[in-house]
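> let me see the structure of the following:
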Amino acid sequence: MKVNHVVEGPPDGDVVVLSGSIGSNLSMWDPQIGPLTAAGYRVVRYDQRGHGRTPVPDHPATLDELGGDVVELLDTLGVERAHFVGLSLGGMTGMWLGVHAPERIGGLVLCCTSAKLGTPEMWEQRAKDARTQGMEAIADGSIGRWFTADWLVAHPDLGREYHHMTAATPAAGYAACCHAIASMDLVADLPRIAAPTLVIAGADDPATPPQEHGAVIAKGIPGARLEVVEQAAHLGNVEQPERFSELITGHLKEVR
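Residues are numbered from 1 along each chain as shown. As a prediction, the model looks like this:
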């Protein structure tokens, strides 16, 4: 599938691919574009299947397909090897790439994500709710997981913007990606990931709490380290943009 994408930064810079959460589009990475391009990186960000301007698939998605979309995107851009930064569903995609396409990945940054999230039944129900109740109801539930209550009070306009981001996601596209998460279990595959890996977790993330999820990933991937960012929920890159950008660029600069 041809995914919608945007390329920014110096043409000769090392490529960094940014991959986002379910229910988002590529604009969720706006806070990181300035710091990454200023550090000399060529940044590629894209919309997941059925999100933003990427077409809605006609069948439930799999993680194999989401990972394959990234490989196809790199091929289209003529990029042999890239750094990869993923958050939530994007982080799951990054782990898949680290296992199944290691030759295409340089440094890996896994943000607010999980190697196994919830039960298949939970995600099948979420997919059903998206189709039957509509995406406005899904957005009502997700916004409280994405951001802390204090941040939402302090940034009401941004809160409404991100609520709309999920509400505007096609229900069929959201449901398709729910199926990919439902069938995912990467825990046993983590030791196969050889890419230098940084795991970033939000201290206040109710969706993927640090010890239950981030710590498991960091322990499973050889040489990986975990950084926990205070006052950050699930979209920590938006809630604490300076700290996330600092950690991401710092890690990638260490990768040779």
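> can you map out the helices along the protein?
30-38, 63-77, 89-100, 120-133, 135-146, 149-154, 156-167, 171-182, 215-220, 236-239, 241-254 (DSSP state H).
> averaged pLDDT, the fourth one. What do you get?
To tie it back to what came earlier, the one meant is helix 120-133. For helix 120-133, mean pLDDT is 97.
> if we go by neighbour counts, what in that helix is buried?
Neighbour counts over helix 120-133 (16 or more other C-beta atoms under 10 Å) mark 123, 124, 126, 127, 129, 130 as buried. To be clear about C-beta, it is placed using only N, CA and C from the backbone, and glycine gets the same treatment.
> roughly how far does the fourth one sit from residue 230?
By that I understand residue 127. 33 Å (C-beta to C-beta, to the nearest Å).
> does residue 169 really touch residue 51, like I thought?
Yes - in this structure, residue 169 is within contact of residue 51 by C-beta atoms under 8 Å, at 5.6 Å.
> common neighbours of those two, please.
Common neighbours of residue 169 and residue 51, using C-beta atoms under 8 Å, 6 or more residues apart in numbering, are 23, 24, 25.
> which of those residues has the largest number of neighbours?
residue 23 (30 neighbours; other C-beta atoms under 10 Å).
> ok, for that residue, nearest residue in space, not its chain neighbours?
Distances taken as C-beta to C-beta, 6 or more residues apart in numbering place residue 166 nearest to residue 23, at 4.0 Å, with adjacent residues excluded.
> give the contact list for that neighbour.
Residue 166 makes contacts with 23, 24, 135, 138, 139, 142, 143, 174, as judged by C-beta under 8 Å, 6+ apart.
> pretty sure the fifth one contacts residue 164?
Yes - when contacts are counted by C-beta under 8 Å, residue 139 is listed as touching residue 164 (7.5 Å).
> so which of those two has more stuff around it?
Neighbours per residue (other C-beta under 10 Å) separate residue 139 from residue 164, with residue 139 holding more: 20 against 14.
> which of the buried residues of helix 120-133 sits closest to residue 7?
Closest approach between these and residue 7, by C-beta to C-beta: residue 130, at 30.1 Å.
> related to what we said a few turns ago, just the buried residues of helix 120-133 now: which is nearest residue 187?
residue 123 (16.3 Å).
> now for residue 233: which residues touch it?
Contacts of residue 233 (C-beta under 8 Å, 6+ apart): 145, 146, 147, 148, 151, 202, 204, 205, 206, 207, 239.
> may I ask which two of those residues are separated the most?
Pairwise over those, using C-beta to C-beta, the maximum falls at 151 and 207, 14.9 Å.
> export only the CA atoms of stretch 55-63, formatted as CSV.
Taking Å, rounded to 0.1, in the frame of the first residue of the first chain, the C-alpha atoms of stretch 55-63 are listed here in CSV:
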residue,chain,number,x,y,z
PRO,A,55,-6.2,4.7,2.0
VAL,A,56,-8.4,2.6,4.2
PRO,A,57,-7.6,-1.1,3.7
ASP,A,58,-10.5,-3.4,2.6
HIS,A,59,-9.5,-6.0,5.3
PRO,A,60,-8.2,-6.1,8.9
ALA,A,61,-4.6,-5.1,9.0
THR,A,62,-1.7,-7.2,10.4
LEU,A,63,1.5,-6.0,11.9
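> rewinding a little: mind putting the buried residues of helix 120-133 in CSV, distance to residue 198 included?
Formatted as CSV, the buried residues of helix 120-133 follow (distance: C-beta to C-beta, whole Å):
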residue, distance to residue 198
123, 26
124, 32
126, 28
127, 31
129, 33
130, 32
